[in-house]
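Asks: Below are the sequence and a predicted model; questions follow.
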Amino acid sequence: MTSTESLIDRRQMAYIAAQASDARVNVELETEGMTLNIGPQHPATHGTLRIIARLDGEQVVWAEPSCGYMHRGYEKLTEVRTYPQVTALINRIDWLGSFANEVPFILAAEKLMEIEAPPRAQHIRTILFELSRIANVSLFLGDLGVQLGAVTPVFMAFRDREYVLNLIEAATGGRFHPNFDRIGGLKDDLPAGFVDETRVVMKKLRNFCDEIENLLFGNEIFQSRTRGIGVIPKDVALQYGLSGANLRASGVDWDLRRDQSLPMAWNKADWKVWTHPDGDSFARCWIRLQEVRESTRIVDQLLDSIPSGPVMAKVPRIIKVPEGEAWVSTENPLGEMGYYVVSKGDLGPFRTKIRSASFNNISVVPWVLKGVYVPDIITILASLYFILGDIDR
Amino acid sequence: MAEIPGDTLRQRIVDDLRAHIGADLIDSVVKPGDDVWVRVSTSAWRETARVLRHEMGFDYFCFLSAIDWMPSPYGKGEDDPTAPPPERDDTIRQGYTGGDTRLQMLGRVTSSALHVGVNIKCDVPDADATVDSWIPVYAGANWHERETHEMFGISFAGHPDLRNMYLPTDFEGHPLRKDFPLLARMVKPWPGIVDVEPLPGGDNDEEGDAE
């Protein structure tokens, strides 16, 4: 056991001891351990995740998520499909931000073929990518309230997400599963009036963020339920591979949109990567709120500077990807999503490893739930934010 | 804020790693402007992870999986079941950094300070299909190793609990191995180019088709 791990254990033990001293009743009365089953069909699990927790009184002594209720075997299915067909599958991994799932795979295929989408396509891709982030994370912000017993925010979230979904539908034809990204560019150009409409919607979304901030983040109950709960220190977050807002909430200043060079348009806008030093549930939620705001800023700026030109590079009608291996990951709404594509010069991939963000984000749950109280399970799970399709693939 | 990583940085990673583990670094590929791959000996699989995390600052665990390099004996599952099975090339060709075995481990770790990642491969011995677990180095490898175990049948020495992650406990076979058929394509032949099939109970009558 390395020194960091014993340090982590000591921190956990100190936390458990502090909580136990609060709950004196456990010590004085003879109590029996109990196993609590949460899910698979529980509103707090966003799908079919089952959590098995052993309790001592109100405290969790051991917890373990049980996955696989929605495993669809996409890694195997990609092996019998052609490259253009794969996007229809991987759309369904993180179903709230579908367009963002397509981008890293298409970029990996483009990298192997050594082609690049024309500037206009890159620009529109980035806009749609950020729109799907807004649609995804705004639902998270509303859902957060429901987990804590506040029902109003979710109505506001559904109301305003609808505007974003309408935009995605206008551009791609699909509200949830656009299947719009193509190797070499995009299926189509933006529809007329898209730019003006989007500006209006971005304003509405910024208002939504302000509303949520006033209603939820300033709320005393919300703060006391999330502050100091489920603290994940930086070293733990990194070695479990937490990514996205969960990692930045632990104080790691790292955003794949800024820190790697991809043929996308994020570097053409001026925006900020937010971090939070606390690493608790509140920090994770707060980072996401700021990210929606930054996304609306990115979209606004990119709308001003869409270059003219085609949206599709010259690619052969039948796409054969040369032999090679490529890894591309992007900063998706849930965190780092990447595809490791192995090609044998065939019509379809030889092997695709899908690295989805939620799988890593949720693997920290057995560690972080140790010693927490039962109601905090829900806030911690909600703040880690996972989509079942993204865990089970 | 660190620079966007360049090729000199990638080459330096390979040189640094070679200085630490010596001859256990079997092969490396630095693709200009893209990524870096290294292949290490099976015995050095865990030591490589330790060096990368504790000596070289690769503190972020990205993923861990495996690749089965054997071409699928079923192709894409699009064969005509009545025709004799077509001839297929079944030579095993490994990808970047080569290799000697059918199964290879593939892992990726990243440095959160330099924002650069490295892909690590190692051969998995055919005889017992066992490699060392990464859990003592990266605690997050736990679930990834469970997934690799059920999907590829690779065991991890030192893993505390290799239960199935996704599949039922009594599931037989390892689905992501290439010799495991994709059952959906086996029970119902692939219709091929024509995407239309007769309606059930249609009795080949022409009127039914016209609708």
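Replies: On my side now, so go ahead. Numbering: from 1, shown residues only, chains lettered A, B, ... in the order given.
Asks: List the contacts of the one residue in the stretch 1-150 of chain A that gets nearest to chain B.
Replies: The minimum distance from the stretch 1-150 of chain A to chain B, using CB to the nearest CB, falls at residue A:68 (3.6 Å). In short, each C-beta sits where N, CA and C put it, glycine included. With contact set as CB atoms under 8 Å, 6 or more residues apart in numbering or on different chains, residue A:68 has these partners: A:392, B:164-167.
Asks: For chain B, what's the nearest residue on the stretch 201-350 of chain A?
Replies: residue A:240 (3.6 Å).
Asks: Leaving out sequence neighbours, find the closest residue to that residue.
Replies: Spatially, and ignoring its direct neighbours in sequence, residue A:240 is nearest to residue B:140 (3.6 Å; CB to CB, 6 or more residues apart in numbering or on different chains).
Asks: List the buried residues of the longest helix seen in chain B.
Replies: Assignment by DSSP state H gives helix B:7-21 as the longest helix of chain B. Using 16 or more other CB atoms under 10 Å in any protein chain shown as the test for burial, helix B:7-21 gives B:9-10, B:12-14, B:17, B:20-21.
Asks: returning to what we had before: wait, doesn't the residue nearest to residue A:240 sit right on residue A:365?
Replies: No - at 11.6 Å, residue B:140 does not count as touching residue A:365 under the criterion of CB atoms under 8 Å.
Asks: neighbour-wise, which of the two wins?
Replies: Shown here are residue B:140 and residue A:365; by other CB atoms under 10 Å in any protein chain shown, residue B:140 has more neighbours (27 against 22).
Asks: residues in contact with that one?
Replies: Contacts were defined as CB under 8 Å, 6+ apart; by that measure residue B:140 touches A:239-241, A:360, A:363-364, B:61.
Asks: Residue B:67 too?
Replies: When contacts are counted by CB under 8 Å, 6+ apart, residue B:67 touches A:342, A:351, A:353, B:95, B:103-104, B:106.
Asks: If any of those residues are buried, put those into a PyMOL selection.
Replies: Per 16+ other CB under 10 Å, the buried members of the contacts of residue B:67 correspond to this PyMOL selection:
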select buried, (chain A and resi 342+351+353) or (chain B and resi 95+103+104+106)
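Asks: Please state the offset of stretch A:170-179 from the chain centre?
Replies: Computed by CA atoms, centre = their mean, to the nearest Å, the chain-centroid distance of stretch A:170-179 equals 19 Å.
Asks: What mean pLDDT does it get?
Replies: Taken as a whole, stretch A:170-179 has an average pLDDT of 88.
Asks: Counting neighbours, which bits of it end up buried?
Replies: Buried residues in stretch A:170-179, counted by 16+ other CB under 10 Å: A:170-172, A:175-179.
Asks: A strand includes residue B:38, no?
Replies: Yes - counting by DSSP: H, G, I helix; E, B strand; the rest coil, residue B:38 is part of a strand.
Asks: Flag the shaky bits of chain B, pLDDT-wise.
Replies: By pLDDT under 70, the low-scoring segments of chain B are B:1-5, B:81, B:190-211.
Asks: can you pull out the strands in the stretch 251-393 of chain A?
Replies: For the stretch 251-393 of chain A, applying DSSP state E, counting those that start in this stretch gives strands covering A:324-332, A:335-343, A:351-355.
Asks: Could you export these as TSV, including mean pLDDT and distance to chain B?
Replies: Formatted as TSV, those follow (pLDDT from 0 to 100; distance: least, CB to the nearest CB, whole Å):
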stretch	mean pLDDT	distance to chain B
strand A:324-332	91	5
strand A:335-343	91	6
strand A:351-355	91	4
